[in-house]
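J.: Just to be clear, the model below is a prediction. Sequence and coordinates:
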Amino acid sequence: MSISSVPASQGQSVDPLELYAAAIDTSDYVARVVPLVRRLAPEIGELLDVGAGGGQLGLALQDIGRGWSAIEPSPTMRARLERLHPPPRIVPCGWEAADVAMAAHDTVLGATMPALLEQPEAFLSRCLTWARRTVVWIVPAHRGPRGLCFAGCLPSRWHGEDETPGIEIVLRGLSPERWPQAIAFTDWTFSGVVKDLGALSAYLGDRLGWPKADGRRIELAAHLAAQAQPDAAGLRLNIPRKSAVLVWEKS
C-alpha cells in the first residue's frame with residue numbers, strides 16, 4: 001500500500017471521502033482488520049465490496065486469482081479503485097441502485113458506510129441476496145464521533161456528533177433473529193498525515209459551520225497543533241479507534 005497524505009485544502013474544496021481515504025492509507029486499519037476477517041471468514045472467494053471507498057480493505061481481502069467487484073458511487077473513489085493492482089470490476093452507483101446478479105459472489109463486504117447505521121435491515125437483505133456464502137460488515141465500535149473526518153481530534157462541545165458506538169446502532173436496527181452468527185472486535189489507530197495543518201483546521205471550521213471570524217477557529221488550530229506529531233511527510237494526527245467485524249454465513 002502506497003503512503004499518501006491528507007491533501008492540502010481550502011475549506012469546502014476538500015472531498016471528505018478523499019480526506020478519509022488518504023488517512024486510511026496511513027493508518028493501521030487494514031493491518032488490524034484483515035486478519036480478524038480472515039479468521040472469521042477464511043474463504044473469501046469471489047468478493048463484492050459494497051461502498052468500497054479507496055478499496056484498501058477489498059484489495060487486501062481479495063483472493064489471488066479470484067475476481068472482485070466494487071460498488072462505489074463517488075467518482076473520486078472510483079478513480080482510486082481504477083489505480084489498484086488488480087483493480088476491481090466497478091459498479092458506478094450506490095448500493096440501492098446497483099444491478100448485481102443474485103448469489104454471484106462468495107463474499108459480500110460492507111465496511112464503515114452509512115447504510116450500516118441508517119438502513120441495516122434493508123442493507124442486510126440486499127447483501128444476503130448478493131452473497132453465495134458469506135456477508136461481512138465492518139462497523140465502528142468506539143464511543144466517539146463518526147461523521148466528520150478528524151472530529152475525533154476535537155472536544156464533543158465543538159463537533160456535537162452522536163457518540164453512540166456504531167455496533168449498538170446496527171444491532172438495535174436489526175431484529176434479533178437477523179443478528180450475525182459471529183462478532184469480534186479489534187483496536188486500531190486512525191492516523192492521518194497532514195501536509196497543511198492550517199488548511200485542515202480551516203476545513204473543519206467550515207464543516208462545523210463556524211463564521212470566518214469565530215474565535216473558536218484559533219482555538220481549533222491550536223488544539224490540532226498540540227496533538228500533531230512530526231512525520232517525514234508533514235504532521236501526523238492519531239485517533240484511537242475500535243471496529244467490530246460482523247459475519248453472516250448462509251446455510
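T.: Structure's in. What do you need? These numbers come from a predicted model, not from an experiment. Residues are numbered from 1 along each chain as shown.

J.: Run the chain-centre distance for the one helix or strand in the chain whose mean pLDDT sits lowest.
T.: Ranked by mean pLDDT, DSSP states H and E, the weakest helix or strand in the chain is helix 156-159, scoring a mean of 91. When distances are taken as CA atoms, centre = their mean, to the nearest Å, helix 156-159 is centred 21 Å away from the chain's centroid.

J.: buried residues in it?
T.: Going by neighbour count (16 or more other CB atoms under 10 Å), the buried part of helix 156-159 is 158-159. In this view, the C-beta of every residue, glycine as well, is placed from N, C-alpha and C.

J.: ok, residues contacting that helix?
T.: Contact partners of helix 156-159, identified using CB atoms under 8 Å, 6 or more residues apart in numbering, comprise 145, 148, 151, 163, 208, 216, 220.

J.: Provide a PyMOL selection command restricted to the buried entries of those residues.
T.: Applying 16+ other CB under 10 Å to the contacts of helix 156-159, the buried members can be selected in PyMOL as follows:
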select buried, resi 145+148+151+208+220
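
J.: Name the pair among the contacts of helix 156-159 with the greatest separation in space.
T.: E163 and R216 (19.6 Å; CB to CB).

J.: which residues in the stretch 1-150 of the chain form helices?
T.: Listed in chain order, the helices of the stretch 1-150 of the chain (DSSP state H, counting those that start in this stretch) span 16-25, 29-40, 56-61, 75-82, 114-118, 120-130.

J.: Just put the ones you listed in TSV and tack on distance to E96.
T.: Listed next are the helices of the stretch 1-150 of the chain as TSV, based on distance: least, CB to CB, whole Å:
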stretch	distance to E96
helix 16-25	18
helix 29-40	25
helix 56-61	20
helix 75-82	17
helix 114-118	8
helix 120-130	8
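
J.: Tabulate those (a markdown table), appending mean pLDDT.
T.: Formatted as a markdown table, these follow (pLDDT from 0 to 100):
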| stretch | mean pLDDT |
| --- | --- |
| helix 16-25 | 94 |
| helix 29-40 | 98 |
| helix 56-61 | 97 |
| helix 75-82 | 97 |
| helix 114-118 | 96 |
| helix 120-130 | 98 |
